[in-house]
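Participant: Have a look at this prediction, sequence included:
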Amino acid sequence: MAATGNRIRYAIALAISIALLAALLFLLDVEQLLASLEQVDLAWFAIAFGVMPAFFLTKVYKWHYLVRTRAGVPFGDSLTSFLAGISFSLVTPARTGELSRVAYLPVRDRHVYTGLVALDKIFDLLCIIMLSCLGSVAILGHWATLLFILTIVAILLLVFNLSRLSRYVDRHPKLSGNRFFVSLGEMMALKPRQILYSISLTLLGFVLLLAQCYCLVRAFVPVSPEAILFSYPLTVLTNILPFTVSGLGLREGTAVLLLARFGVPGPAAFNATFLLFFINTFIPAIIGAGIIFLRHLSACGDSATGVRQGE
């Protein structure tokens, strides 16, 4: 039943993604989108593409750092785990497939590390809301900004009190014997300096992302840095909504609407946002899919070898 429900949710999210993309292509005119692509400034595009390794390695290192707070996992295994998570997130609503990272860590009790994936995403959410505050003042209004600030305060209070909650779980046998609460307890065990370091890495990653976005939009039309700073964090924030597959359609539509306020034509906003997704998510996801395939192929080969030896 659960598998059927997941397939239905995925089918609905996929249908919404296709519908949104089709609507955008119709409204923006495919010919205009193609004409915009033909006029791209390759120098600015090359700079954006060149920033990708720094952005990607920052995110991988943050995940590696979180894993290392619990186990001495080599960087290569953290990299494989992260790539696998991106690969599965590409085909799941709200990137829930990133929880599959734990399946590719060489550790016991992998369920414990699910909490670290959740904490990684909480740090992402915290930082993108922080960066969205400037845009919310200019675009959404003071009430939205107030809501963002209250959310930031709530998340900070939560993450900096996780160790207290962890000790509470440890003191109660019923809780400490439950797999879910064990996972939650592991997530809660980070020290304040580890939390601050993880938040710093997250902010660095988003600064690199904003720089990439600026370069990509600039590759199509002149744009001010303020336009990207005000609009793109709000665009990224739509990724948390579970309505589409990997944010497709919703993210591009939001970028078109918000960047229009700063004079950016729809085709340029759409192309830049989609290219950013292609560079930062699709390419790593394909690499991750290849690694997953090779690992499963190797596992099948080892299994077959073991069977022949047993005979």
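Facilitator: Perfect, I can see it now.

Participant: Poorly predicted segments of the chain, please.
Facilitator: For the chain, the stretches flagged by pLDDT under 70 are 1-6, 94, 165-188, 299-311.

Participant: For it, which segments are assigned as helices?
Facilitator: Here the chain has its helices, by DSSP state H, at 2-28, 30-38, 42-68, 75-89, 114-135, 142-159, 162-171, 173-176, 179-188, 192-218, 225-237, 250-260, 266-277, 283-310.

Participant: wait, which of these is closest to Tyr104?
Facilitator: helix 75-89 (4.3 Å; CB to CB). Where you see a C-beta, it was placed from the backbone N, CA and C, and this is true even at glycine.

Participant: okay, the helices of the chain, which one's buried deepest?
Facilitator: Most buried of those by mean neighbour count (mean count of other CB atoms under 10 Å) is helix 266-277; its value is a mean of 24.

Participant: Run the chain-centre distance for it.
Facilitator: On the basis of CA atoms, centre = their mean, to the nearest Å, helix 266-277 sits 18 Å off its chain's mean C-alpha point.

Participant: Am I right that Gly249 is in contact with Leu25?
Facilitator: No - between Gly249 and Leu25 there is no contact under CB atoms under 8 Å: 10.0 Å.

Participant: For Gly266, see how far away Ile240 is.
Facilitator: 24 Å (CB to CB, to the nearest Å).

Participant: Kindly report the same for Cys127.
Facilitator: For Cys127, the distance to Gly266 - CB to CB - is 28 Å.

Participant: quick revisit: export the helices of the chain to TSV and tack on distance to Arg108?
Facilitator: TSV is the format used below for the helices of the chain (distance: least, CB to CB, whole Å):
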stretch	distance to Arg108
helix 2-28	25
helix 30-38	49
helix 42-68	13
helix 75-89	14
helix 114-135	14
helix 142-159	26
helix 162-171	19
helix 173-176	17
helix 179-188	12
helix 192-218	22
helix 225-237	35
helix 250-260	37
helix 266-277	35
helix 283-310	18
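
Participant: looking at those, which is closest to Pro106?
Facilitator: Of the helices of the chain, nearest to Pro106 by CB to CB is helix 75-89, at 5.3 Å.

Participant: Would you mind getting the angle between that closest one and helix 114-135?
Facilitator: Between the axes of helix 75-89 and helix 114-135, defined by axes from the mean of the first three to the mean of the last three CA atoms, to 10 degrees, the angle is 70 degrees.

Participant: which residues touch helix 75-89?
Facilitator: Contact with helix 75-89 is made by 59-61, 63-64, 67-68, 95-106, 117, 246, 281, 284-289, 291-292, 295, as judged by CB atoms under 8 Å, 6 or more residues apart in numbering.

Participant: Please apply the same query to stretch 289-301.
Facilitator: Under CB under 8 Å, 6+ apart, the answer for stretch 289-301 is 80, 83-84, 87, 104.

Participant: Might you report the residue contacts of Phe284?
Facilitator: Small correction: residue 284 is Pro, not Phe. With the criterion set at CB under 8 Å, 6+ apart, Pro284 makes contact with 56, 83, 86-87.

Participant: how does it look with 6 Å?
Facilitator: By CB atoms under 6 Å, 6 or more residues apart in numbering, the contact list for Pro284 reads 83, 86.

Participant: How much space separates the nearest residue to Leu25 once chain neighbours are set aside from Phe45?
Facilitator: In space, Leu25 comes closest to Leu33 once its chain neighbours are excluded; the distance is 7.1 Å by CB to CB, 6 or more residues apart in numbering. Counting by CB to CB, the gap from Leu33 to Phe45 is 16 Å.

Participant: next one: Phe270
Facilitator: Counting by CB to CB - Phe270 and Phe45 are separated by 15 Å.

Participant: Wait, Leu203 touches Cys127, no?
Facilitator: Yes - with contact defined as CB atoms under 6 Å, Leu203 reaches Cys127; the gap is 5.2 Å.

Participant: how much space between the closest residue to Gly247 other than its chain neighbours and Leu125?
Facilitator: Once flanking residues are discounted, Gly247 sits nearest to Asn239: 4.4 Å by CB to CB, 6+ apart. Going from Asn239 to Leu125 by CB to CB gives 10 Å.
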